[in-house]
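>>> Here is a sequence together with a model predicted from it:
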Amino acid sequence: MGGFGPPRWKGFTMKLEVHERVTLTGLLPKQEGYAGLKAIRQFRESVSFTPSEVKFYELKTVNNEQGVPTTHWNAQKAAQQIKDIPISEFITSMIRQKLVELEEKKLLTNEILSLYEKFVTTYR
């Protein structure tokens, strides 16, 4: 990316299911330049769940046996609503790079398979 970071807005919307929204933010870097971090924060806010969505999907985060937080939801309700999320080309590029890296290392999982298909396999 030239200049001082990502462009203000050049992107599109993508239909994302609950499990994809939960998984996506974990694919983004925790460290980045100023403009990149602002874009990541804005994207995290757009994929996060509103209080009414938390209630509707019955979202709950609990620790598993290893103490790792895992998120659970009502799958039937999740199938009823798929949200259109705005996503910039900058964020798309970051996600694609991470997914390609995971594929090259043979580290893809069932949880991220649909994201790989959306961002890499069938991307435009």
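Alright, I've got the coordinates. No experiment lies behind these values; they were computed from the predicted model shown.
>>> Strands along this protein, start to end?
For the chain, the strands defined by DSSP state E cover 11-16, 60-63, 69-72, 83-88.
>>> Partner strands of the third one and their direction?
Put plainly, it is strand 69-72. Applying DSSP bridges, strand 69-72 is found paired with strand 60-63 (antiparallel).
>>> about what we covered before: of all the strands of the chain, which lies closest to Phe43?
Nearest to Phe43 among these is strand 83-88 (6.7 Å), distances taken as CB to CB. Quick note: C-beta positions are derived from backbone N, CA and C, even for glycine.
>>> Mind listing what's buried along the closest one?
83, 85, 87-88 (16 or more other CB atoms under 10 Å).
>>> Stretch 54-65 now?
Neighbour counts over stretch 54-65 (16+ other CB under 10 Å) mark 56-57, 59 as buried.
>>> do stretch 114-121 as well
Buried-residue list, stretch 114-121, by 16+ other CB under 10 Å: 115-116, 118-120.
>>> Show me what counts as buried in stretch 34-43.
35-36, 39-40, 43.
>>> Quick one: residues contacting the residue nearest to Lys15 when sequence neighbours are not counted.
Of all residues not flanking Lys15 in the chain, Ile82 sits nearest, at 5.0 Å (CB to CB, 6 or more residues apart in numbering). Going by CB atoms under 8 Å, 6 or more residues apart in numbering, Ile82 touches 15-17.
>>> In these, which residue is surrounded by the most others?
Leu16 (21 neighbours; other CB atoms under 10 Å).
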